[in-house]
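*Asks:* after the sequence you'll find the predicted model.
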Amino acid sequence: MDEIKVKQLTPLDRKVFLFIDNYISKERRPPSQKEIATYCCHKTLSAIQPVLDKLEFFDYIQRIPGEARSIRLTDEGLKFIVKKSK
């Protein structure tokens, strides 16, 4: 049986996701994990890692392991943005 993904995002998950979207729109490149952590007032990257893992698990973002600034919004992530703007 396939695992059912319950897409419940916390306020921090939403904040990070919308920051990534806004950053890409403004800068034309994805933010670094350090920039995301700084935006969320975290001093370490490990504090933001579970949020990015969750967004990737829910298929809102995609990352390439070992590559800097590799965060990309997926089609599913773009649908989430459209829903939030309505």
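*Replies:* Looks like it came in fine.

*Asks:* every contact and neighbour count from this point should use C-alpha atoms.
*Replies:* OK.

*Asks:* lowest-scoring secondary structure element of this protein by mean pLDDT?
*Replies:* One helix or strand of the chain scores below all others by mean pLDDT, DSSP states H and E: helix 75-85, with a mean of 78.

*Asks:* ranges for the strands of this protein?
*Replies:* 61-62, 72-73 (DSSP state E).

*Asks:* just so I know, which of the ones you listed lies nearest P31?
*Replies:* strand 72-73 (9.9 Å; CA to CA).

*Asks:* what lies in contact with that closest one?
*Replies:* 21, 30, 60-63 (CA atoms under 8 Å, 6 or more residues apart in numbering).

*Asks:* hmm, try it at 10 Å
*Replies:* Outside of strand 72-73, the residues within contact range by CA atoms under 10 Å, 6 or more residues apart in numbering are 17, 20-21, 24, 29-31, 55-56, 59-64, 79.

*Asks:* same deal with stretch 43-52?
*Replies:* Contacts of stretch 43-52 (CA under 10 Å, 6+ apart): 9-10, 12-17, 32-38, 40-42, 55-58, 60-63, 71.

*Asks:* what comes up buried for the least confident helix or strand of the chain?
*Replies:* Within helix 75-85, the residues scored as buried using 16 or more other CA atoms under 10 Å are 77, 81.

*Asks:* show me what the helix ranked longest in the chain is packed up against.
*Replies:* Longest helix of the chain, by residue count under DSSP state H: helix 11-27. Under the contact criterion of 3 or more CA pairs under 10 Å, 6 or more residues apart in numbering; DSSP states H and E, helix 11-27 touches helix 33-39, helix 49-57, strand 61-62, strand 72-73, helix 75-85.
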